[in-house]
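> below are the sequence and a predicted model for it; my questions follow.
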Amino acid sequence: MTMIIGSDGSEYDWFLGYEPPPEKFQAQLEKSLRGEDTFKSISAAYVKEPKNIDIVFKLARKYEDRLDQVKSTEKYREVIDLDPEGKAGTYTTEYRKITVPYTQYAEFAIATAGLFSEKPDLEPAKAFIKKYPESKLVKVTFDQMSRYYGYEAPKEEAAKFFAEYAAKFPDDARALDSWLARIIKDKGPLDKGAELVAKIEELTRDNPLPDINANIAEFHMLKGDKAKADEVYGKDFMDGKVSRFAYDLVSYANFWLANNANQESAVAMAETALKLQPENAYILQQAALAYVKTGQDDKALAIFGPEYIKPKSGDANGLYAYARFWVAQGKNLDSALEAAKRSVELKPGVFFTWSALSDVQLKLKNYPEALKAAEKALELAEEYAKAGIKSKIDRIKKEQGEAKK
């Protein structure tokens, strides 16, 4: 918690936590220094308008952030008294972005305050769930209660709670995972654990989550199946996560570079992707592209230039991709030409190597050579590619004619 003390030594304001970027923290400090919704300004407003529900709710929230349960409960009760039907205003939670009436949130805050004491009082939370069964805060309430039932409650009570939690949210992987964690702690029942694992894997198939898979692996270890644990949470699993993350990073970089914004961040993410997968040719090209688009040709050439291509002299596809990349940038063309020629030598019977060679020759304005390579590409081309190559031949002839003029 960040606390701001006034010149007279009194508490001026406070707010919870610190999250990057630092500019966000600075903005919150500046807001407090401007006197916007500070504890001091809200308290002064409350003295003048003690029946203004907006002010009372803000003051209650301030005390809640201060972890002052007595004073926050006092003010939340005032909110409930001022608007028992919950029609006067709404609040959107900072973390989960759940919007509910002031009164409903006040009841939630009071009901869950006792969950974190040395001897948790669970009845108010249960009453809240019963009163507001359709509230989005019900999931939050179950989640907070699960901390007690996951570690401290007797086994039988825990089983009953988690069965209710899972029945309420049968398609929520984290709800099921919290039950699985308790089963692992109790070392059973294994049949219910296996049922939960199957459902969780079904729900997370498209995006397995490391912390959840760790629990699944722990369950398999409990059963003595180390091979299955390794399958769901071993090297292959993490390699897949790294690969997916690397592709997400370059996707981010490409998006912002295409929109000419966030360029520093875009390049940084492309570099991070390359560190994660330095041997991935696609990632390498995308990092080089990020450098080219931000005017850092020297860095692009350092990672994807003539030195890079030297060991690739026997890789026709790699040479082809290299030539295509640099002809698209209109740079490093001498090296691109060497790569394209070598690619043709290695794969003379496919149209795309000749087509790439034609592209480089055209970019270098070597029109006769460009035309010759394009005509060879047309001769070898599959039907779907012929129209594009014919168009290229027309373009070469047109540029050649204009050059002669």
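Looks like it arrived, so ask away.
> what does the pLDDT read for Phe15?
At Phe15, the pLDDT value in this model is 75.
> residues contacting Lys24?
For Lys24, no residue meets the contact criterion (CB atoms under 8 Å, 6 or more residues apart in numbering). Glycine gets a C-beta too; all of them are placed from N, C-alpha and C.
> show me what counts as buried in stretch 312-320.
Buried residues in stretch 312-320, counted by 16 or more other CB atoms under 10 Å: 312, 315-316, 318-320.
> pick the one among those closest to Glu402.
Glu402 lies nearest to Tyr320 out of the buried residues of stretch 312-320, by CB to CB, at 28.5 Å.
> thought Thr353 was touching that closest one, still the case?
Yes. In this structure, Tyr320 is within contact of Thr353 by CB atoms under 8 Å, at 5.7 Å.
> what touches both of these two?
Residues touching both Tyr320 and Thr353 (CB under 8 Å, 6+ apart): 340, 343, 347.
> in TSV: those, plus secondary structure and distance to Ala44.
Shown next, in TSV, are the shared contacts of Tyr320 and Thr353 (DSSP: H, G, I helix; E, B strand; the rest coil; distance: CB to CB, whole Å):
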residue	secondary structure	distance to Ala44
Ala340	helix	75
Ser343	helix	76
Lys347	coil	79
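> rebuild the residues you listed as JSON lines, extending it with neighbour count and pLDDT.
As requested, those are exported to JSON lines (neighbours: other CB atoms under 10 Å; pLDDT from 0 to 100):
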{"residue": "Ala340", "neighbour count": "28", "pLDDT": "97"}
{"residue": "Ser343", "neighbour count": "27", "pLDDT": "97"}
{"residue": "Lys347", "neighbour count": "16", "pLDDT": "96"}
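> now those residues as JSON lines including distance to Glu85?
Shown next, in JSON lines, are the shared contacts of Tyr320 and Thr353 (distance: CB to CB, whole Å):
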{"residue": "Ala340", "distance to Glu85": "75"}
{"residue": "Ser343", "distance to Glu85": "75"}
{"residue": "Lys347", "distance to Glu85": "76"}
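> the buried residues of stretch 312-320 in strands, which ones?
Nothing among the buried residues of stretch 312-320 maps onto strands, per DSSP state E.
> which one of those residues is nearest Thr92?
Nearest to Thr92 among these is Gly318, at 51.8 Å by CB to CB.
> is it true that that closest one touches Lys312?
Yes. With contacts counted by CB under 8 Å, Gly318 reaches Lys312, the gap being 4.4 Å.
> ok, longest helix in the protein?
helix 235-258 (DSSP state H).
> the helix or strand following that helix relative to helix 235-258, how many degrees between them?
Later in the chain than helix 235-258, the nearest helix or strand by DSSP states H and E is helix 263-276. Between helix 263-276 and helix 235-258, the angle comes out at 150 degrees (axes from the mean of the first three to the mean of the last three CA atoms, to 10 degrees).
> give the buried residues for helix 263-276.
Neighbour-count burial for helix 263-276 [16+ other CB under 10 Å]: 263, 266-267, 269-274.
> and that helix, what does it pack onto?
In this structure, helix 263-276 makes packing contacts with helix 235-258, helix 281-293, judged by 3 or more CB pairs under 8 Å, 6 or more residues apart in numbering; DSSP states H and E.
> mind putting those into JSON lines with mean neighbour count and mean pLDDT?
Shown next, in JSON lines, are those (neighbours: other CB under 10 Å; pLDDT from 0 to 100):
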{"stretch": "helix 235-258", "mean neighbour count": "15", "mean pLDDT": "97"}
{"stretch": "helix 281-293", "mean neighbour count": "21", "mean pLDDT": "97"}
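> just put those in CSV and tack on distance to Asp334.
Shown next, in CSV, are the helices and strands packed on helix 263-276 (distance: least, CB to CB, whole Å):
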stretch, distance to Asp334
helix 235-258, 26
helix 281-293, 17
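> where does pLDDT dip in this structure?
Applying pLDDT under 70 to the chain picks out residues 14, 17-19.
> domains in it, by residue range?
Listed domain ranges for the chain are 153-233, 335-405 (source: automatic domain parsing).
> would you map the strands across the stretch 1-150 of the chain?
For the stretch 1-150 of the chain, applying DSSP state E, counting those that start in this stretch gives strands covering 2-5, 11-15, 90-92, 99-101.
> what's the local residue count around Ala60?
Number of residues near Ala60 (other CB atoms under 10 Å) recorded here: 26.
> that one and Glu36, how far apart?
Using CB to CB, to the nearest Å, we find Ala60 at a distance of 18 Å from Glu36.
> among the strands of the stretch 1-150 of the chain, which is the most enclosed?
Greatest average neighbour count among these goes to strand 11-15 (a mean of 19), per mean count of other CB atoms under 10 Å.
> how far does the strand or helix carrying Ala336 sit from the chain's center?
Secondary structure assignment for Ala336, by DSSP H and E: helix 333-346. Centroid separation between helix 333-346 and its chain, computed with CA atoms, centre = their mean, to the nearest Å, is 39 Å.
> what residues does it touch?
So helix 333-346 is contacted by 305-306, 309, 312-317, 319-320, 322-323, 325-327, 353-354, 356-357, 359-361, 363-364, 373 (CB under 8 Å, 6+ apart).
> got a markdown table for the strands of the stretch 1-150 of the chain, with distance to Lys155 too?
Converted to a markdown table, the strands of the stretch 1-150 of the chain look like this (distance: least, CB to CB, whole Å):
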| stretch | distance to Lys155 |
| --- | --- |
| strand 2-5 | 42 |
| strand 11-15 | 40 |
| strand 90-92 | 37 |
| strand 99-101 | 34 |
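> what's the closest of these to Phe169?
Evaluated over the strands of the stretch 1-150 of the chain, closeness to Phe169 peaks at strand 99-101, with 17.7 Å, by CB to CB.
> surely Pro208 is within a strand?
No. Pro208 is assigned coil when assessed by DSSP: H, G, I helix; E, B strand; the rest coil, not a strand.
> any idea how far the residue nearest to it when sequence neighbours are not counted lies from Ala106?
In this structure, Pro208 finds its nearest non-sequential neighbour in Phe237, 7.0 Å apart by CB to CB, 6 or more residues apart in numbering. The spacing between Phe237 and Ala106, counted by CB to CB, is 44 Å.
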